[in-house]
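return atomic coordinates for the entry below.
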Amino acid sequence: MNKLIPLFYLITGIINTNVDVSDRYITRQGQVTFFSYTNVENIEAKNNQVLSVIDFSKNEIAISMLMKAFVFKKALMREHFNESYIESDLYPKATLEGIILDFDPANREDQTKIVKGKITIRGITKEVEIKTKITFQEQKYIFSGDFELTVKDFEIKIPSVLAPNIAKNISVQFKFEYEPYEL
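Sure, this is the predicted structure:
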């Protein structure tokens, strides 16, 4: 994992040499949970290994997560998710790159801001605007919120026999606790 961090910075372009290190915050254990209501059985999974970096000098944010890191209540759900729906061997990660609109990191009061950017899942990129609550506690920025994704937007193929059992919209929740990035 530590070898991926420098590569992540190069890919996203979020770090440049003109930025003061104190402007950068990182989390290596962000949390993303998704929930899908179905008539047969609800599907829920959690990923606690999400990497994210913020560059406050430009209010840029980048998030990267391995799809196989989602934990399900049942092994069969995990298998179907990775093999049939997300195809994690072909598309091992999901990413988001964006800008935090009108955010002032010097303001230590709770703020609700929009993260506007592009999310990529299964190699398909879509524009998103995500309402995000931002709190500053104990020298950490905490970003949290929820949003919905549509299955068809990412060309997730669901067999017709299972279609009534899979929700068309997936509810996603997130919580990231960012600490100052230290070289």
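
now the helices for the protein?
Applying DSSP state H to the chain gives helices spanning 4-12, 75-80.

and those helices, which one is worst for confidence?
Sorting the helices of the chain by mean pLDDT places helix 4-12 lowest, at a mean of 47.

residue contacts, the spatially most central residue of the chain?
The centroid of the chain falls nearest to Ile63 when counting by Cα atoms, centre = their mean (5.4 Å). The neighbours of Ile63, taking Cβ atoms under 8 Å, 6 or more residues apart in numbering as the test, are Gly30, Val50, Leu51, Ser52, Thr95, Leu96, Glu97, Phe176. From N, CA and C alone the C-beta is placed, and that goes for glycine too.

show me these that map onto strands.
Gly30, Val50, Leu51, Ser52, Thr95, Leu96, Glu97, Phe176 (DSSP state E).

count the residues that sit near the first one.
Put plainly, it is Gly30. Residues near Gly30, counting by other Cβ atoms under 10 Å, number 21.

that one and Ser144, how far apart?
10 Å (Cβ to Cβ, to the nearest Å).

so what sits against both of the two?
Phe174, Lys175, Phe176.

distance of the residue at the greatest distance from the centre of the chain relative to Val40?
No residue in the chain sits farther from the centre than Val161, which is 30.0 Å out by Cα atoms, centre = their mean. From Val161 across to Val40, the span is 12 Å (Cβ to Cβ).

mind listing the shared neighbours of the two?
If you check Val161 and Val40 against Cβ under 8 Å, 6+ apart, no residue is contacted by both.

now the residue farthest from the centre of the chain: phi and psi?
With angles defined as degrees, to the nearest 10, Val161 sits at phi -70, psi -30.

quick thing: my sequence starts at 52, can you match it?
Got it, the first residue is 52 from now on, which makes the last one we talked about Val212.
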